[in-house]
Each structure stands twice: as C-alpha cells, then as structure tokens.
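[1] Pasting the sequence and the predicted model now:
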Amino acid sequence: MDIILLGPPGAGKGTQAQRLVEAHGMRQLSTGDMLRAAVKAGTAVGLQAKAVMDRGELVSDEIVSALIGEELDAMAAGQGAIFDGYPRTAAQAESLDAILSARGRSLNHVIELGVDEDALVERICGRFTCANCGKGYHDKFEQPKVAGTCDRCGSHEFKRRPDDNEETVRTRMAEYRAKTAPILPIYDARGIVSRVNGMADIDDVTAAIEQVIRG
Ligand code: AP5
Ligand code: MG
Ligand code: ZN
C-alpha cells in the first residue's frame, strides 16, 4: 500500500507518518527529512538546499524526485510507502507516477489533512524532536511522558528546526497554497483522495486515517 499525506506545514504529516510506521511497518519517505540529512552531512544536494529551505521556498523538483527514487530502491518490494511532503508541485506529481510505475507500484490513497492556517504557526513554533531517534513532540500538544526524556529511545537531547520561525512558516504556507494545493485535482480525478480533519486530537486523526486505509 502506497499513500500520500498531503497538507500544509504543521498539518501533522510527520506525526501521522510515524504512527503508520509503528502500526504497519510502512516506510516514511519525507523529502524534508532527507534534505535535512543532506544539509547535516554537507553533501552537494545539502549545500544547494540549505538556503532555499531556510527561506521556506521549494527545493528543485529534480533534486527531490531523485531522492525519492533512491529511497524506494532501498525498500523491500512488499513494504508500503508513506509519502510525506512529496509531491509538492505538479511536476513532482508527474514524476511520482513515473517513479512508481517503473517499480511496479501505484498509489492507493491520497489523504489530505485539513487544518486552519491560524493554528499552524502555534503548532510549528512549539515543535521539537528527539535528536537521537527523531520522534516528534510539541511544547503544548505532545510532551514526552517523562519531562526531558524521549518516550521512544530515552535520549535527553532534543532539537528544533531552523525554519520553524513565524516568518519562514508564512512563506512555507504561501508556497503550499500556490504550488501544492493545486495538485489535489489530479488525484481527485482518480477518485483516490480522502479528506481528514487535521484539527482533531492527534489520536483522532490517526483513527480517521486508519479508517481510510482499511477501506
Ligand atoms: P518539510 O519538512 O516537509 O516541512 P513542511 O511541509 O513545512 O511540513 P512540516 O514538517 O513543518 O509539518 P508536518 O505536517 O510534518 O507537521 P508535524 O507532524 O511535524 O519541508 C521543509 C522544507 O524542505 C520545505 O520548506 C522545502 O524547502 C523543502 N522540501 C521538502 N520537501 C520538498 C519537496 N517535495 N519539494 C521541494 N522542496 C521540498 O506537526 C507539527 C507540530 O504539531 C508537531 O509538534 C506535532 O506534535 C503537532 N501536531 C501534529 N498534529 C497535531 C494535532 N492533530 N493537534 C495538535 N498538535 C498536533
Ligand atoms: Mg514534517
Ligand atoms: Zn528518541
């Protein structure tokens, strides 16, 4: 089963993808995470992407589609993929079709997380993740069970993203509206879009997504 989680910055794509990984052994393919890893490693892609990401603009279609192809090649044939933050433009949506069909795969669901833009700045500015295992948290909405200790791996180190400030978030939202939201009709025409209320509690959003993938 291959699915896309679609929604603006802070909609909960990463949060829900991590839960699907834990529940179903699927693999999360987050181009944002891949690009941040490239920046950290100082690769050629990372050097090109860093300034663009810090501004909240989109990295080139060629770069992200190449990353997705490489990650899919590293997966077992039967393992499901969760596309998180990809595709983000019409060109990427077209590339994804070609990438999947070349590997004998196809999309089962596009799940759109619907959210109020006003809530997103608060969500994003309160977000942090475990520096060791990457589990996501929030100052107000999802704190570790024991303060200062990761629920999943026990690490005491956490980090915040450099693009999680209000100004950059506004640019990221504008990019979403201008370039990403317009790809929905492509999938609507195929009858594979389900809309989930992303403003509900995290557990309720998970339950709604489970209902979609169970059919
Ligand atoms: P990316 O990393 O994809 O960032 P994004 O799309 O802006 O999305 P976020 O990761 O900010 O949000 P999310 O939906 O994952 O929310 P989360 O679950 O963390 O991309 C970063 C940059 O990389 C881009 O700006 C671009 O430059 C580049 N890039 C990446 N992919 C690209 C592509 N395909 N093409 C071109 N460029 C690309 O949730 C947020 C917070 O809210 C968390 O703290 C969470 O705990 C909390 N939360 C989640 N759900 C709920 C809920 N239901 N109620 C309350 N709190 C909640
Ligand atoms: Mg994310
Ligand atoms: Zn951890």
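    Nice, I can see it. Ligands and ions are numbered 1, 2, ... in the order given.

[2] Phi first, then psi, for the nearest residue to N165 once chain neighbours are set aside.
    Using C-beta to C-beta, 6 or more residues apart in numbering and skipping residues adjacent in sequence, the residue nearest N165 is C125, 7.1 Å away. The way it works is simple: take the backbone N, C-alpha and C, and place the C-beta from them, glycine included. The phi and psi values for C125, taken as degrees, to the nearest 10, are phi -70, psi -10.

[3] again with G114
    Per degrees, to the nearest 10, the backbone of G114 is at phi -90, psi 130.

[4] show me where the protein has helices.
    For the chain, applying DSSP state H gives helices covering 13-24, 31-41, 44-55, 61-73, 90-102, 117-125, 166-175, 184-188, 202-214.

[5] Tell me which of these is the most buried.
    helix 13-24 (a mean of 19; mean count of other C-beta atoms under 10 Å).

[6] Show me what that one packs onto, helices and strands only.
    Contact analysis of helix 13-24 by 3 or more C-beta pairs under 8 Å, 6 or more residues apart in numbering; DSSP states H and E lists strand 2-6, strand 27-30, strand 81-84, strand 136-138, helix 202-214 as its packing neighbours.

[7] Let's have the ones you listed in a markdown table, adding mean pLDDT and distance to ligand 3.
    Putting the helices and strands packed on helix 13-24 into a markdown table (pLDDT from 0 to 100; distance: least, C-beta to the ion, whole Å) gives the following:
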| stretch | mean pLDDT | distance to ligand 3 |
| --- | --- | --- |
| strand 2-6 | 98 | 21 |
| strand 27-30 | 98 | 15 |
| strand 81-84 | 98 | 18 |
| strand 136-138 | 95 | 9 |
| helix 202-214 | 97 | 17 |
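
[8] Format the helices of the chain as TSV; extra columns: distance to G134.
    Compiled in TSV, these are given as follows (distance: least, C-beta to C-beta, whole Å):
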stretch	distance to G134
helix 13-24	8
helix 31-41	7
helix 44-55	17
helix 61-73	15
helix 90-102	23
helix 117-125	17
helix 166-175	20
helix 184-188	28
helix 202-214	17
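
[9] Would you mind giving those helices as JSON lines with distance to ligand 1 added?
    As requested, those are exported to JSON lines (distance: least, C-beta to the nearest ligand atom, whole Å):
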{"stretch": "helix 13-24", "distance to ligand 1": "3"}
{"stretch": "helix 31-41", "distance to ligand 1": "2"}
{"stretch": "helix 44-55", "distance to ligand 1": "4"}
{"stretch": "helix 61-73", "distance to ligand 1": "4"}
{"stretch": "helix 90-102", "distance to ligand 1": "6"}
{"stretch": "helix 117-125", "distance to ligand 1": "4"}
{"stretch": "helix 166-175", "distance to ligand 1": "5"}
{"stretch": "helix 184-188", "distance to ligand 1": "15"}
{"stretch": "helix 202-214", "distance to ligand 1": "4"}
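
[10] Go through these and name the closest to T149.
    helix 13-24 (17.7 Å; C-beta to C-beta).

[11] and that closest one, how far from the chain's centre?
    Helix 13-24 sits 10 Å away from the centroid of its parent chain (C-alpha atoms, centre = their mean, to the nearest Å).

[12] Report all helices and strands that the element among helices and strands of the chain having the smallest mean pLDDT contacts.
    Across the helices and strands of the chain, mean confidence by mean pLDDT, DSSP states H and E is lowest for helix 117-125: a mean of 92. Judged by 3+ C-beta pairs under 8 Å, 6+ apart, helix 117-125 is in contact with helix 166-175.
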